[in-house]
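Student: I'd like to go over a predicted model; first the sequence, then the structure.
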Amino acid sequence: MYLLVLVHILQSTLLAVQSCPSLCACTYGLVQCSDPGISAVPINVPADTVKLRLEKTLISRVPRAAFYNLSELRFLWLTYNSVTSIHPSSFVNLKALRELRLDGNLLTSFPWEGLRDMPRLQTLGLHNNRLSSLPAHAALFLPNITYLDLSSNRCVQIPQNHGA
């Protein structure tokens, strides 16, 4: 029995290593991709990934359902890339996500409605982008946010609280 369990663990480890995206490093639920040769969101990230860091790459857009197979994901860092667009359905099926960091990109807008697919999201980092406003409807999609960083953007319009 012990040998059977050991064989299963070894097979699982080998499968996890084999499914690591090219130009990335994968260890125990963490996938880190920070190679400037990466220009698209990797599609073969292991399904049991808890933390995904896509940093300092040439990724310019986040397509629809980019992380659909990563239902265990709790931390998603897309920092210091060249992201200019995020599809409103990019974050579908990220029910466990708690932290989303998009710091240091080239975003001029953000798909606030896409946050509804992340009911446990507490941290949203949008520091150092090119956002010029925070639309009034954004608050509808931020019910559990305890940390929102919009610093170092071009925000000239912040909605007033009309409920006070």
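Tutor: Everything's here; your move. Numbers count the residues shown, from 1 in each chain.
Student: The residue nearest the centre of the chain: what's it in contact with?
Tutor: In the chain, the centroid-proximal residue (CA atoms, centre = their mean) is residue 76; its distance is 3.3 Å. Residue 76 makes contact with 51, 52, 67, 94, 97, 99, 100, 101 under the criterion CB atoms under 8 Å, 6 or more residues apart in numbering. To be clear about C-beta, it is placed using only N, CA and C from the backbone, and glycine gets the same treatment.
Student: Identify the residue spatially nearest to the third one, adjacent ones excluded.
Tutor: In this structure, residue 67 finds its nearest non-sequential neighbour in residue 94, 5.9 Å apart by CB to CB, 6 or more residues apart in numbering.
Student: on that earlier part again, so of the contacts of residue 76, which ones are in strands?
Tutor: Using DSSP state E, 51, 52, 99, 100, 101 are the members of the contacts of residue 76 that sit in strands.
Student: hmm, which of these are the buried ones?
Tutor: Buried residues within the ones in strands among the contacts of residue 76, defined by neighbour count using 16 or more other CB atoms under 10 Å: 51, 52, 99, 100, 101.
Student: could I get these as JSON lines with pLDDT?
Tutor: As requested, those are arranged in JSON lines below (pLDDT from 0 to 100):
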{"residue": "51", "pLDDT": "98"}
{"residue": "52", "pLDDT": "98"}
{"residue": "99", "pLDDT": "98"}
{"residue": "100", "pLDDT": "98"}
{"residue": "101", "pLDDT": "98"}
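Student: now, the most widely separated pair of the residues you listed?
Tutor: The largest separation in those, counting by CB to CB, is between 51 and 100 at 11.8 Å.
Student: Kindly check the end-to-end length of stretch 67-86 for me.
Tutor: Start-to-end span of stretch 67-86 (CA to CA, to the nearest Å) is 12 Å.
Student: Pull out the buried residues from that stretch.
Tutor: For stretch 67-86, by 16+ other CB under 10 Å, it's 67, 70, 72-81, 83-84, 86.
Student: one step back: which single one of the ones in strands among the contacts of residue 76 is nearest to residue 117?
Tutor: Nearest to residue 117 among those, with distances taken as CB to CB, is residue 100, at 10.9 Å.
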